[in-house]
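> generate coordinates for the sequence data below:
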Amino acid sequence: QVRLVESGGGLVQPGGSLKLSCAASGSIGSIANRAWHRQTPGKQRERVAYIAFDGSANYAASVKDRFTISGDNDKNTVYLQMTNLKPEDTAVYYCNADVRETGTYRWQNVWGQGTLVTVSS
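Numbering: from 1, shown residues only. As a prediction, the model looks like this:
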């Protein structure tokens, strides 16, 4: 069974930085459409960053020029570097990807369990 596990969340002051990691485990044949989403209570989950297989990325307007998504294909890990954090960035951050297990042709959409980021002085 393929799993995505996030880490790196925590408490940071406004203007600070954090780097989130999302490691995939299991019998992984291929991973595509890796993304980071976030959610706060009472709001819909929103996608903040996406990275394609070729490394091209796009971002939500609210985080553009502050967040950077990157991937390490050898480690099956995707990162989210967050800088100049603001209180409104406080949320649970989830990673998401389409994954194909080895020995199968079926793709499945997988979510991590989330990691909490709190931006507060």
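
> what sits against the closest residue to residue 57 other than its chain neighbours?
In space, and not counting its chain neighbours, residue 57 is closest to residue 51: 4.7 Å by CB to CB, 6 or more residues apart in numbering. Where you see a C-beta, it was placed from the backbone N, CA and C, and this is true even at glycine. By CB atoms under 8 Å, 6 or more residues apart in numbering, residue 51 lies in contact with 34-35, 57, 69-71, 78.

> and residue 69, by the same measure?
Neighbours of residue 69 in contact, by CB under 8 Å, 6+ apart: 34-36, 49-51, 57, 59, 78-81.

> swap in 10 Å and give it another go.
20, 22, 34-36, 48-51, 55, 57-59, 63, 78-81, 95 (CB atoms under 10 Å, 6 or more residues apart in numbering).

> what do you get for residue 42?
Residues near residue 42 by CB under 10 Å, 6+ apart: none.

> would you mind measuring from it to residue 22?
Here the criterion is CB to CB, to the nearest Å. By it, residue 42 lies 25 Å from residue 22.

> wait, isn't residue 59 in contact with residue 47?
Yes. Using CB atoms under 10 Å, residue 59 is in contact with residue 47, at 9.1 Å.

> looking only at neighbour counts, state which of those two leads.
For residue 59 and residue 47, the more surrounded residue by other CB atoms under 10 Å is residue 59, and the numbers stand at 17 against 14.

> backbone dihedrals for that one, please?
Main-chain torsions, residue 59, degrees, to the nearest 10: phi -140, psi 150.
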